[in-house]
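*Asks:* sequence and predicted structure are below.
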Amino acid sequence: MIRLIYVSRSDNVTFEMNRDILTSSFQFNQENKISGALLYGFGFFVQCLEGDEESVRALYEKIAKDTRHYDVTLVCETPISERHFPDWNMSLMNLASYKVVTDKEDFDPYAMDGKQLLALIDQISLIV
Ligand code: FAD
C-alpha cells in the first residue's frame, strides 16, 4: 500500500462542488478500498490518499486532471503497511472551521512536506 499526499489551489470552492466531490469519492473510494482525508480552505486543497499502489496512482491521475482545481502538486508517495485513516472513506474538513491555521496569510501548504501536512490533517481530525 502507499500513502500519497498532494496540494492544489482552487479559487472558488462551493458547497455544491464539495458535495459533488464527496459523492463521487464515496462510491469510488469504497469500491477501490481507498481511504484518506481532504482538507480545503484559504484557496487550497490538501488531500491524503491511502490504498493499493495502482488504485491510488490511478485516482491521483484522474484527480490531477480535474478542472475544479489547479497547480496540483504531488508532495509525497510513501510505502505503508498500515493505514493512517482506516475508517475514513474520504473525510472532508474545512481548514477555516477549526482554527488550527491561525496565520492564514502565512499559510502555504506548498511549502510544507509530507510529515507536516499529515500532522496538520491529524491535528484537525482530533477536533472533528
Ligand atoms: P466524469 O464525471 O465523467 O468526469 C470527467 C472529467 O470531468 C474528469 O476530468 C473530471 O475530473 C471532470 N469533472 C467532473 N465533474 C466536474 C465538475 N463538476 N466540474 C469540472 N470538472 C468536472 N474522486 C474520487 O473518486 N475520489 C476522491 O478521493 C476524489 N478526490 C477529489 C479531490 C479534489 C480536490 C477534486 C477536485 C476532485 C476529487 N475527486 C475524487 C473527483 C475526481 O477528480 C473525478 O471528478 C471523479 O473521480 C469522477 O471522474 P470520472 O472521470 O470518472 O468521471
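*Replies:* Now that the structure is in, tell me what you want to look at.
*Asks:* for Thr73, what are its contacts?
*Replies:* Listed by Cβ atoms under 8 Å, 6 or more residues apart in numbering, the contact set of Thr73 reads Tyr6, Val7, Ser8, Tyr110. (C-beta placed from N, C-alpha, C; glycine too.)
*Asks:* how far away is it from the ligand?
*Replies:* Separation of Thr73 from the ligand (Cβ to the nearest ligand atom, to the nearest Å): 12 Å.
*Asks:* partner residues bridging that residue?
*Replies:* Applying DSSP bridges to Thr73 yields these beta-bridge partners: Val7.
*Asks:* how near is it to Thr14?
*Replies:* 23 Å (Cβ to Cβ, to the nearest Å).
*Asks:* count the neighbours of Leu118 for me.
*Replies:* Number of residues near Leu118 (other Cβ atoms under 10 Å) recorded here: 21.
*Asks:* that one contacts Ile5, correct?
*Replies:* Yes: using Cβ atoms under 8 Å, Leu118 is in contact with Ile5, at 6.8 Å.
*Asks:* shared neighbours, the two?
*Replies:* Common contacts of Leu118 and Ile5 (Cβ under 8 Å, 6+ apart): Cys48.
*Asks:* so what touches the helix or strand bottoming out on mean pLDDT in the chain?
*Replies:* One helix or strand of the chain scores below all others by mean pLDDT, DSSP states H and E: helix 95-98, with a mean of 77. By Cβ under 8 Å, 6+ apart, the residues outside helix 95-98 that reach it are Leu39, Tyr40, Gly41, Phe42, Phe44, Val101, Lys104, Phe107, Ile124, Ile127, Val128.
*Asks:* quick one: residues contacting the fourth one.
*Replies:* Spelled out, that is Phe42. Leu95, Ala96, Val101, Lys104, Phe107.
*Asks:* could you measure from it over to Leu120?
*Replies:* For Phe42, the distance to Leu120 equals 12 Å [Cβ to Cβ].
*Asks:* which neighbours do the two have in common?
*Replies:* Applying Cβ under 8 Å, 6+ apart, one finds that Phe42 and Leu120 are jointly contacted by Val101.
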